[in-house]
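Student: Coordinates for the following, if possible.
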Amino acid sequence: MSAPHPLTDAFIAERWPEKDTTEGREEIRRQFDILMDQIQNTTIVPFPMYPETMARVVAEKSRQLPDRLNGLKAALSPLTPNPDQWTSGKPVFGESFVRIAGDNGHGFGRRYLASVPSQQVADYIAAANPDTVSMMVARIEELEAAADAFTGNEVPPPDDGGRPFASRLYRTPYLVIPKLALEAMPLDWQRRCEALLREADAAGLDTPEYHVFRDHGAYTHVEREDPEDEHSAIDALAVVRKDEWANYRRGRIEDVCPTFKSQEAKP
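Tutor: Now for the predicted structure:
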């Protein structure tokens, strides 16, 4: 019979009630065990002396952004509104600690906040004053609300069987969208599209470059292996006429796509 884990269910429930689920307890213990293994492989054998404290540090680092934001908002609540701006000083007269103070700018003196043994840490604390953190939290909530609104109003329910492009790209290996078409869409749509393409770039999706021919007899002459089978392999292509969609500099969406319903003037 294996020995019980040093982090008991009761201990986890007391320290981290929000993690008191089967999955949460397993994750805390997993990270704790990983950290203990790393420490045992170091030359500092006696460390850590307090595994419970180390476990709390590990659990805190595993907290996701929503939990961290809630913690920030709870900490900011008693400080709002706070007229002070925080500033860090410089060590003077041989002092090794750097002081951080709040100042409301009205000439009534500075309010002492803390001392830390590092100029870099003091500068960071001063920069992360309540005003700055409140603005960041508000901006995150604004962007999340906008994303939720977009998701709720624009994206269809996922009833595609896990193959979103099965209908649009039926029996075709490529999707070609002219630049003229992309830039005819509203600016917000263009930016969202570009953001998705950047995600693909960041994921390492690197496709070859291609020549594009318009699939229409008036524009492209196509010779196939079997002239009687329009789905047989292509032997040769020849441009018959220039494609108006390719004129992205001077082309007008109204001329090439009369059915397009403009939603926003081009910037």
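Student: for the lowest-mean-pLDDT helix or strand in the chain, which positions count as buried?
Tutor: Counting by mean pLDDT, DSSP states H and E, the chain has its least confident helix or strand at helix 51-61, which shows a mean of 74. Within helix 51-61, the residues that count as buried by 16 or more other CB atoms under 10 Å are Met54, Ala55, Arg56, Val58, Ala59. Where you see a C-beta, it was placed from the backbone N, CA and C, and this is true even at glycine.
Student: I would like the residues contacting that helix, please.
Tutor: Helix 51-61 is contacted by residues Pro6, Leu7, Phe11, Arg15, Trp16, Lys19, Ile28, Gln31, Phe32, Leu35, Met36, Pro48 when judged by CB atoms under 8 Å, 6 or more residues apart in numbering.
Student: at 7 Å what do you get?
Tutor: Outside helix 51-61, the residues within contact range by CB atoms under 7 Å, 6 or more residues apart in numbering are Pro6, Leu7, Arg15, Trp16, Lys19, Ile28, Gln31, Phe32, Leu35, Pro48.
Student: Just the CA trace of it, in PDB.
Tutor: Once non-C-alpha atoms are left out, helix 51-61 reads as follows in PDB (Å, rounded to 0.1, in the frame of the first residue of the first chain):
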ATOM      1  CA  PRO A  51       7.000  21.800   1.500                       C
ATOM      2  CA  GLU A  52       3.600  23.100   2.400                       C
ATOM      3  CA  THR A  53       4.800  26.700   1.600                       C
ATOM      4  CA  MET A  54       6.300  25.500  -1.600                       C
ATOM      5  CA  ALA A  55       3.100  23.700  -2.500                       C
ATOM      6  CA  ARG A  56       1.200  26.900  -2.000                       C
ATOM      7  CA  VAL A  57       3.600  28.700  -4.400                       C
ATOM      8  CA  VAL A  58       3.100  26.000  -7.000                       C
ATOM      9  CA  ALA A  59      -0.700  26.200  -6.600                       C
ATOM     10  CA  GLU A  60      -0.700  30.000  -7.000                       C
ATOM     11  CA  LYS A  61       1.400  29.700 -10.200                       C
END
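Student: by contact count, what packs against whichever helix or strand comes after it?
Tutor: Using DSSP states H and E, the next helix or strand after helix 51-61 towards the C-terminus is helix 65-76. Contacts of helix 65-76 with other secondary structure elements, assessed using 3 or more CB pairs under 7 Å, 6 or more residues apart in numbering; DSSP states H and E, are made with helix 130-153.
Student: So what's the model's average confidence on the helix it packs on?
Tutor: If you average the pLDDT over helix 130-153, you get 78.
Student: Only the buried residues of it, if you could.
Tutor: Of the residues in helix 130-153, those buried by neighbour count under the rule 16+ other CB under 10 Å are Pro130, Asp131, Val133, Ser134.
Student: quick one on the thing from earlier: and the contacts of helix 51-61, which is closest to Leu76?
Tutor: Top of the list for closeness to Leu76, among the contacts of helix 51-61 and by CB to CB, is Trp16 at 21.8 Å.
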